[in-house]
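S.K.: I would like the atomic coordinates for the input below:
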Amino acid sequence: MELTTIKQRFGIIGNDESLNCALEIALRVASTDLSVLVTGESGVGKEFFPQIIHANSARKHGNYIAVNCGAIPEGTIDSELFGHEKGAFTGATESRKGYFEEADGGTIFLDEVAELPHTTQVRLLRVLQTGEFMRVGASKSAKTNVRVVAATNINLREAVSNGRFREDLYYRLNTVPITIPPLRERKGDITLLFRKFATDIATQYRMPVITLDDEARHLLENYRWPGNIRQLKNVAEQISAVEETRLITGEIIKKYLPDSTPNTIPMVMSGSAPASEVNTERELLYKILFDLRSDMSEMKRMVAELLAEKSYDAPKSDIAGLLPRGSYPIAPAVKSPAAEALYTDTEEVVDDGPKEEMTKEKAQKEAIIRALKRHNGKRRDAARELFISERTLYRKIKELGIDEIP
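M.R.: Alright, predicted model coming up:
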C-alpha cells in the first residue's frame, strides 16, 4: 500500500520488480541522513527519487534544492554552490548565499554530479565530511546541515579509474546506492507508460485516445529505447498529434522508432564509454560523413562546369572518370594549339610524403571546428548543427583541446 501511495503521489507508472526495489530502498533510507547516489541512464526518471527521499524524511519541512551540475559553467559553480563575498571577483557587487547555505536543514539534489570540476569536488568532500564550507573570497568557514542526494548517468567507478572523479568523494556519495533500471528492462511497463502519455495528451488537446494493435505493442516492448521514458513520451505525443487514425499499427510505429531493431540484438558499445558519449560520438561521425558527401558532390559539380566551359580538349583524368555520366553537359572536344602547349608542360604531381592517419578524435575535432567557424564561434548554433547539446559541445571542446577558432 505504501508503494502504491508513493507512485500515485509522484506519478510513477509501473510494477516492475527492479523499480519497486529501488522505491523501497528510497523509502527505507529516507528516515536517515545518509548520502544517496542515484544511478541510471538518461531519461529513466532519476529526479523523482530525491523528491521521494526528501518528502518522507524528517527534513520534509526544510528546503529542497535541485542543482544541475552540468549546466553551470566551471568558473562560477563554486560561487553557485557555496556563495561568495562582496568583491570576491569582478561583478560580485554584494554577498550572496550559495545553494548549500540556502538548503540548510533540508535536502540538496546534485544532478549530473560527475560533471563537477576537481576543485569543486574537494569542496564538496569537505561539506560531506564536516558540514563546513567556505564562500568564495571569504576567510572564515561556515556550517551547514544538509542532506545530499546525487545522481549521474555515468559509471563513476570508471570515472574514478580514469582520474575524472575523486575516489574518496565517490565513497562518500555512494553510502546508499540506488540503481534505476532502463526502460528496455521493464518490458511489462512500456505499454502502461505509453497509454498514460497518450491519454494525457488526448485529454489536454481534447482528441480521441490512440490505441495499439498487437504488432505495435510487440515493437514497443522489444525496442531498445536509448532515450528511455523521455523518448517513449516523445513518441506517444508525436503519434497522437500527427496520425489521423486512432488505431496504431506496427507499420505506423516503425516510422517513429529510429533504427527499430528488436532488443534481442545487444548494442555494441565501448567498454569504457557511457551510452550518452557513444551516441554523441556516433552523431559527430555521421555529421562528418554527410559533410564529406556534400563536399564531394560540390567538387564533382564544379569540375563538370569547368570542363563544360573550356574550349579546348581536356584530357581524361581520374576526376573526370568519377563524374556521373549524363549528370552534367560537357562541351564537345575542340583541338587547340594553346591547349596542347598548356598540357605539354604539365606533369603529374605525386605526394610521396607520409600520410597522417585520421583518428576518431581528430575527425570529431575537425567537425567541431568547422561548425564553430560557420557560426562565428557561437556554440549554441554549432551544437544545433552537430545535433548535440551545448553542454556536450563545451565538454568536447575541453577534451579535444580546442583553444581558439581562427
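
S.K.: show me what the helix or strand that contains Asp200 is packed up against.
M.R.: If you go by DSSP states H and E, Asp200 is part of helix 187-205. Counting contacts by 3 or more C-beta pairs under 8 Å, 6 or more residues apart in numbering; DSSP states H and E, helix 187-205 packs against helix 214-222, helix 228-242. C-beta: built from backbone N, CA, C; applies to glycine.

S.K.: go again with 10 Å.
M.R.: strand 211-212, helix 214-222, helix 228-242 (3 or more C-beta pairs under 10 Å, 6 or more residues apart in numbering; DSSP states H and E).

S.K.: tell me which of the ones you listed lies nearest to Glu85.
M.R.: helix 228-242 (39.7 Å; C-beta to C-beta).

S.K.: CA atoms of the closest one as PDB?
M.R.: Output of helix 228-242 as PDB, limited to C-alpha atoms (Å, rounded to 0.1, in the frame of the first residue of the first chain):
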ATOM      1  CA  ASN A 228      14.200   5.600 -22.000                       C
ATOM      2  CA  ILE A 229      10.900   7.100 -20.600                       C
ATOM      3  CA  ARG A 230      11.600  10.600 -22.100                       C
ATOM      4  CA  GLN A 231      11.900   9.100 -25.600                       C
ATOM      5  CA  LEU A 232       8.700   7.000 -25.100                       C
ATOM      6  CA  LYS A 233       6.700  10.100 -24.000                       C
ATOM      7  CA  ASN A 234       8.000  11.900 -27.100                       C
ATOM      8  CA  VAL A 235       6.900   9.100 -29.400                       C
ATOM      9  CA  ALA A 236       3.500   8.800 -27.800                       C
ATOM     10  CA  GLU A 237       2.900  12.600 -28.200                       C
ATOM     11  CA  GLN A 238       4.200  12.600 -31.800                       C
ATOM     12  CA  ILE A 239       1.900   9.800 -32.900                       C
ATOM     13  CA  SER A 240      -1.100  11.300 -31.100                       C
ATOM     14  CA  ALA A 241      -0.600  14.700 -32.800                       C
ATOM     15  CA  VAL A 242       0.400  13.600 -36.300                       C
END
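
S.K.: about what we covered before: can I get the helices and strands packed on helix 187-205 in TSV with mean neighbour count, distance to Glu115 and mean pLDDT?
M.R.: Shown next, in TSV, are the helices and strands packed on helix 187-205 (neighbours: other C-beta atoms under 10 Å; distance: least, C-beta to C-beta, whole Å; pLDDT from 0 to 100):
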stretch	mean neighbour count	distance to Glu115	mean pLDDT
strand 211-212	17	38	95
helix 214-222	17	32	95
helix 228-242	18	19	95
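
S.K.: now for these, which one comes closest to Gly87?
M.R.: Among the helices and strands packed on helix 187-205, helix 228-242 sits nearest to Gly87 (C-beta to C-beta), with 42.6 Å.

S.K.: what is the closest one packed up against?
M.R.: Using 3+ C-beta pairs under 10 Å, 6+ apart, helix 228-242 is in contact with helix 187-205, helix 214-222, strand 247-248, helix 250-255.

S.K.: Ala30: which of the ones you listed is closest?
M.R.: That would be, of the helices and strands packed on helix 228-242 and by C-beta to C-beta, helix 187-205, which comes in at 23.3 Å.

S.K.: what residues sit buried inside the closest one?
M.R.: 189-190, 193-198, 200-202 (16 or more other C-beta atoms under 10 Å).

S.K.: off-centre distance for it?
M.R.: Centroid separation for helix 187-205 versus its chain: 24 Å, with C-alpha atoms, centre = their mean, to the nearest Å.

S.K.: please work out the average pLDDT along that helix.
M.R.: Taken as a whole, helix 187-205 has an average pLDDT of 94.

S.K.: just want the angle from that helix to helix 214-222.
M.R.: Counting by axes from the mean of the first three to the mean of the last three C-alpha atoms, to 10 degrees, helix 187-205 points 110 degrees away from the direction of helix 214-222.

S.K.: for the stretch 51-200 of the chain, just list every one of the helices.
M.R.: 77-82, 99-102, 118-130, 156-161, 167-173, 187-205 (DSSP state H, counting those that start in this stretch).

S.K.: any chance of the ones you listed in TSV, with distance to Leu232 too?
M.R.: Converted to TSV, these look like this (distance: least, C-beta to C-beta, whole Å):
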stretch	distance to Leu232
helix 77-82	32
helix 99-102	32
helix 118-130	34
helix 156-161	26
helix 167-173	29
helix 187-205	6
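
S.K.: out of those helices, which gets nearest to Glu366?
M.R.: helix 156-161 (26.9 Å).

S.K.: now do the buried residues in that closest one.
M.R.: 156, 159-160.

S.K.: now for the buried residues of helix 187-205: which two are most distant?
M.R.: Checking these with C-beta to C-beta, the most distant pair is Asp189 and Ala202, at 19.9 Å.

S.K.: returning to what we had before: among the buried residues of helix 187-205, which one lies nearest to Gly45?
M.R.: Leu193 (10.2 Å).

S.K.: would you confirm that the closest one contacts Leu183?
M.R.: Yes: counting by C-beta atoms under 10 Å, Leu193 does reach Leu183; the two are 7.8 Å apart.

S.K.: which residues do the two both contact?
M.R.: Common neighbours of Leu193 and Leu183 are listed as 14, 220, 229, 232 (criterion: C-beta atoms under 10 Å, 6 or more residues apart in numbering).

S.K.: wait, which of the helices of the stretch 51-200 of the chain is closest to Cys69?
M.R.: Nearest of those to Cys69, taken as C-beta to C-beta: helix 77-82 at 7.0 Å.

S.K.: report the mean confidence score over that closest one.
M.R.: pLDDT averaged over helix 77-82 gives 94.

S.K.: which other helices and strands does that helix contact?
M.R.: For helix 77-82, the elements it packs on are strand 64-68, helix 99-102, helix 118-130, strand 132-133, judged by 3+ C-beta pairs under 10 Å, 6+ apart.
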